[in-house]
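K.L.:
3D model of this:
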Amino acid sequence: MKESGSEYKVCKNTLFEIALGDVPFKEQLKDALKGCTGVVFGYDDPVMVVKKTIEYAEKSEKFKLKRGVVEGKIYSPAELKEISKLPSKNVLLGMLLGGMSSPLTKMLHTMKAVNLKLLYALEALKNKKA
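P.N.:
Below is the predicted model:
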């Protein structure tokens, strides 16, 4: 878990309810706070935290997912599995940057090709006159 920028804590359900305070999803989590409860806190990339948690849950027989809160929204274990299939934050940023720079690169090459064609035409005209 630590390599994904997260930590796992086991806590008492009543203390966890108190710690939730006035968050809007508190009522939706009440039914999940039965029995032994552990909480995974993620600090960096939420997708990587979900991926590592799902991997651990699949390896361990005792560790079971009840609910997940990602970016302030409650998810079921099935929805968390779908989130874990997403690329990481760095990959998504790379894809965004590539998508933004691609049209600019194409425009640059097009403008460069126009200049080169003009130069080739002038060179051909010079060679024809010489």
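
K.L.:
In contact with residue 41, which residues are there?
P.N.:
Residues in contact with residue 41 (CB atoms under 8 Å, 6 or more residues apart in numbering) are 6-9. Using the backbone N, CA and C atoms, a C-beta is placed for each residue, glycine as well.

K.L.:
what's the domain layout of the protein?
P.N.:
As given by automatic domain parsing, the domain ranges for the chain are 2-84, 88-130.

K.L.:
okay, how far is it across the first one, tip to tip?
P.N.:
So the one you mean is domain 2-84. 17 Å (CA to CA, to the nearest Å).

K.L.:
how distant is stretch 117-126 from the center of its chain?
P.N.:
Chain-centre distance of stretch 117-126: 51 Å, with CA atoms, centre = their mean, to the nearest Å.

K.L.:
Could you give me the buried positions within that stretch?
P.N.:
When burial is assessed from 16 or more other CB atoms under 10 Å, stretch 117-126 yields no buried residues.

K.L.:
In a markdown table, list the domains of the chain along with mean pLDDT.
P.N.:
Shown next, in a markdown table, are the domains of the chain (pLDDT from 0 to 100):
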| stretch | mean pLDDT |
| --- | --- |
| domain 2-84 | 84 |
| domain 88-130 | 86 |
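
K.L.:
Determine which stretch of those domains is the most buried.
P.N.:
domain 2-84 (a mean of 14; mean count of other CB atoms under 10 Å).

K.L.:
So which residues of the protein form strands?
P.N.:
6-11, 37-42, 68-70, 73-75 (DSSP state E).

K.L.:
if we compare these, which one ends up closest to residue 92?
P.N.:
strand 68-70 (14.4 Å; CB to CB).

K.L.:
ok, back up a step: for the contacts of residue 41, which one is nearest residue 119?
P.N.:
Nearest member of the contacts of residue 41 to residue 119, counting by CB to CB, is residue 6, at 57.1 Å.

K.L.:
Touching, the closest one and residue 49? I think so.
P.N.:
Yes - between residue 6 and residue 49 there is a contact under CB atoms under 8 Å: 4.4 Å.

K.L.:
quick one: common contacting residues for those two?
P.N.:
40, 42.

K.L.:
which residues touch residue 79?
P.N.:
Taking CB under 8 Å, 6+ apart as the test, what residue 79 contacts is residue 68.

K.L.:
Perfect, that will be all.
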